[in-house]
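Asks: no FASTA, just this:
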């Protein structure tokens, strides 16, 4: 592929808005939201919450939070973990 073709394709993407900055949708306003935002957003996008939510039960959210703490070393205290799990299970858990 010619270099000019690559630059042309990139320009087309930019012009079409394909590379436009996306703004994440805010989390649901409910008790525990601030804790989730403060504790989770330091390591990853909060978009993962909405992406995974259709598949997550309380048990799955509990396992996910525990994985973040035990496997990835997230500095989350036990009381904050309980708040995070409650928020996620209540607002983004299986219906």
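Replies: Great, that's in hand. These figures come from a predicted structure and were not determined experimentally.
Asks: what number of residues lie near residue 38?
Replies: For residue 38, the count of nearby residues is 12 (other C-beta atoms under 10 Å). No exception for glycine: its C-beta is placed from N, CA and C like everyone else's.
Asks: likewise for the one 4 residues further on?
Replies: Residue 42 sits with 9 neighbouring residues when counted by other C-beta under 10 Å.
Asks: same check, this time on residue 64
Replies: Neighbour tally, residue 64, other C-beta under 10 Å: 17.
Asks: ok, it touching residue 56?
Replies: Yes: between residue 64 and residue 56 there is a contact at 7.2 Å, judged by C-beta atoms under 8 Å.
Asks: what is in contact with these two at once?
Replies: Jointly contacting residue 64 and residue 56 under the rule C-beta atoms under 8 Å, 6 or more residues apart in numbering are residue 88.
Asks: the nearest residue to residue 31 once chain neighbours are set aside: helix or strand, and which one exactly?
Replies: The spatial neighbour of residue 31 that comes closest, neighbours along the chain excluded (C-beta to C-beta, 6 or more residues apart in numbering), is residue 87 at 6.9 Å. Assessed by DSSP states H and E, residue 87 sits inside helix 78-92.
Asks: return the set of buried residues in that helix.
Replies: 80-81, 83-89, 91-92 (16 or more other C-beta atoms under 10 Å).
Asks: by contact count, what packs against it?
Replies: helix 33-40, helix 47-52, helix 58-70 (3 or more C-beta pairs under 8 Å, 6 or more residues apart in numbering; DSSP states H and E).
Asks: which of those sits closest to residue 25?
Replies: helix 47-52 (6.8 Å; C-beta to C-beta).
Asks: ok, back up a step: any chance of CSV for the helices and strands packed on helix 78-92, columns mean pLDDT?
Replies: Output for those, formatted as CSV (pLDDT from 0 to 100):
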stretch, mean pLDDT
helix 33-40, 96
helix 47-52, 90
helix 58-70, 97
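Asks: distance to residue 27 added to the ones you listed, as CSV?
Replies: What follows is those, written out as CSV (distance: least, C-beta to C-beta, whole Å):
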stretch, distance to residue 27
helix 33-40, 5
helix 47-52, 7
helix 58-70, 14
